[in-house]
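Undergrad: Quick one: sequence and predicted model below, then my questions.
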Amino acid sequence: MKAQPFAVSTHLAAPWSPDSWQSHVAEQQPRYPDADALSRALDELRALPPLVTSSEILALRRQLAEAEEGRRFLLQGGDCCENFAYCTPEVISNRLKVLLQMSLVLVHSLRMPVLRVGRFAGQYAKPRSSATEVRDGVELPSYRGDIVNAPEFSATARVPDPQRMIAAHSRSALTINFVRSLIDGGFADLHHPENWDLAWVRHSPLADEYKRIVEGISEAMHFMETLSGEPAHNLDRVDFYSSHEALLLPYEQTLTRQVPRQQGWFNLGTHFPWIGMRTAALDGAHVEYFRGICNPVGVKVGPSMSIEHLLRLLEVLNPDNEPGRLTLIHRMGADVIADKLPPMLDAVKREGARVLWVCDPMHGNTENSSNGYKTRRFANIRSEIEQSFDLHAAAGTRLGGVHLELTGEDVTECTGGARDLGDADLERAYHSTVDPRLNYEQSLETAMLIGRKYNQLAG
Ligand code: PEP
Ligand code: CO
């Protein structure tokens, strides 16, 4: 395939390079105490193989462009923050299973291909609201994700350690390798959805609905194959892409590379990096870094972002208005989305900007439970998704996907859902070191409610 000309930085006066972000203010970066150790780790990373290829990245861009046109739906999900201890075969395959099950439900109800992107294989860095944490009068650097330091509240654990970037790169490689091997080995074959059964499915309040969907798909496939007399193509494998918040810029820079026979620079540490809410300043280091790479780019858009800011971001990050380049992930909160989102939709539409709109119903709905846990209520998550569909329909724009924090494990971190978890249940299995995730059952329920809402609007 001929390389597409990505003129991402040519119109801007300032030249771009993989390190040009260094002359801008970089928010949310750790302070490494040993500069030599940092530069040794970065040298080592620069020499290591990348995790993904430019052709995969370009294929994803094309599929995101199709999602913009309403020909695909994006399902992006995974942990708020991966951590080193959970880089295990069970955690990886259970997360893959729940994403595959959700995509099956979505394919069935939306009747279009689902673009699957995992928040995994690199989601190791976290923005924090404060640079330090104080407990019982002791002040230590905040935990910034396993790629930076360790969560235990001790001085040694909290010192940023550059070797952790190498560990994060290795674990990302192990994760993506295992996902690719499972998929190549037929794990994602639609003919065998039983591969994805998690132990709980049989006992879930959602089991019957899920079973009906699987049977519906199996019958349709059987029908097609009988009719054509041969196996249906492309049902035995699926594409899976990886994404993470590209927060830790020294790390991202080492994986930003040129490749033979392609123009431009690619972040080869992930297919789909995104800019978080806290690092979207127009003149900041993150926006500077992102404007020069050829990957598709996600931007989190919260209620505090002004229309002016949003429009300038579109200009800087997608000056040539290329399809598939920019995904806007709105995360407003169920109580404010009806006020905040419509003016943004109108403004972007008026500009004629090509973007994929995606709803993150998680980050605007975080609250503290009565017993002191950081949690989210399923009813609010549901409400934000449903309102998103309605608000896009009213604005004449399209909701092309969702961005979720979820796990394939039986955790109790968000309340509500089919089992109506209450605050007291949070004590049973709260494992997240950062934000609360939907458990397997709440995730599947989310896919079902998206299908129902979509069909209600369509029909
Ligand atoms: C996240 O996706 O985990 C995150 C921190 O999101 P936001 O930047 O929207 O707060
Ligand atoms: Co989060």
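TA: Noted; the coordinates are in hand. Ligands and ions are numbered 1, 2, ... in the order given.
Undergrad: Show me the strands in the chain, by range?
TA: Ranges of strands within the chain are 73-78, 114-118, 132-135, 138-141, 241-245, 256-257, 266-267, 272-275, 297-301, 326-330, 356-359, 367-368, 374-375, 399-405, based on DSSP state E.
Undergrad: Can you convert those strands into a markdown table and add a column each for distance to ligand 1, mean pLDDT and mean neighbour count?
TA: All C-beta spots, glycine's among them, are computed from the backbone N, C-alpha and C. Shown next, in a markdown table, are the strands of the chain (distance: least, CB to the nearest ligand atom, whole Å; pLDDT from 0 to 100; neighbours: other CB atoms under 10 Å):
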| stretch | distance to ligand 1 | mean pLDDT | mean neighbour count |
| --- | --- | --- | --- |
| strand 73-78 | 10 | 98 | 26 |
| strand 114-118 | 13 | 96 | 25 |
| strand 132-135 | 17 | 96 | 10 |
| strand 138-141 | 18 | 97 | 14 |
| strand 241-245 | 6 | 97 | 26 |
| strand 256-257 | 21 | 98 | 20 |
| strand 266-267 | 17 | 98 | 26 |
| strand 272-275 | 8 | 98 | 26 |
| strand 297-301 | 4 | 98 | 25 |
| strand 326-330 | 7 | 99 | 25 |
| strand 356-359 | 11 | 98 | 26 |
| strand 367-368 | 14 | 96 | 12 |
| strand 374-375 | 12 | 96 | 20 |
| strand 399-405 | 7 | 98 | 25 |
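Undergrad: out of everything not next to it in sequence, what's closest to Val105?
TA: Counting by CB to CB, 6 or more residues apart in numbering, Val105 lies nearest to Ala447, which is 4.0 Å off, once chain neighbours are set aside.
Undergrad: ah, wrong one, I meant Val138
TA: Phe153 (7.8 Å).
Undergrad: Could you measure from the one you found over to Thr132?
TA: Using CB to CB, to the nearest Å, Phe153 is found at 11 Å from Thr132.
Undergrad: overlap in contacts of these two?
TA: Common neighbours of Phe153 and Thr132 (criterion: CB atoms under 8 Å, 6 or more residues apart in numbering): Leu140.
Undergrad: residues in contact with the closest residue to Leu313 other than its chain neighbours?
TA: By the measure of CB to CB, 6+ apart, the closest residue to Leu313 outside its immediate chain neighbours is Val299, 6.1 Å from it. Shown in contact with Val299 (CB under 8 Å, 6+ apart): Trp274, Ile275, Ala280, Leu313, Leu317, Leu326, Thr327, Leu328, Ile329.
Undergrad: Tell me where the chain has helices.
TA: 35-47, 54-68, 89-110, 155-158, 163-184, 207-228, 249-254, 285-291, 307-317, 337-351, 378-395, 440-458 (DSSP state H).
Undergrad: Which positions within the second one qualify as buried?
TA: Going by neighbour count (16 or more other CB atoms under 10 Å), the buried part of helix 54-68 is Ser54, Glu56, Ile57, Leu58, Leu60, Arg61, Gln63, Leu64, Ala65, Glu66, Ala67, Glu68.
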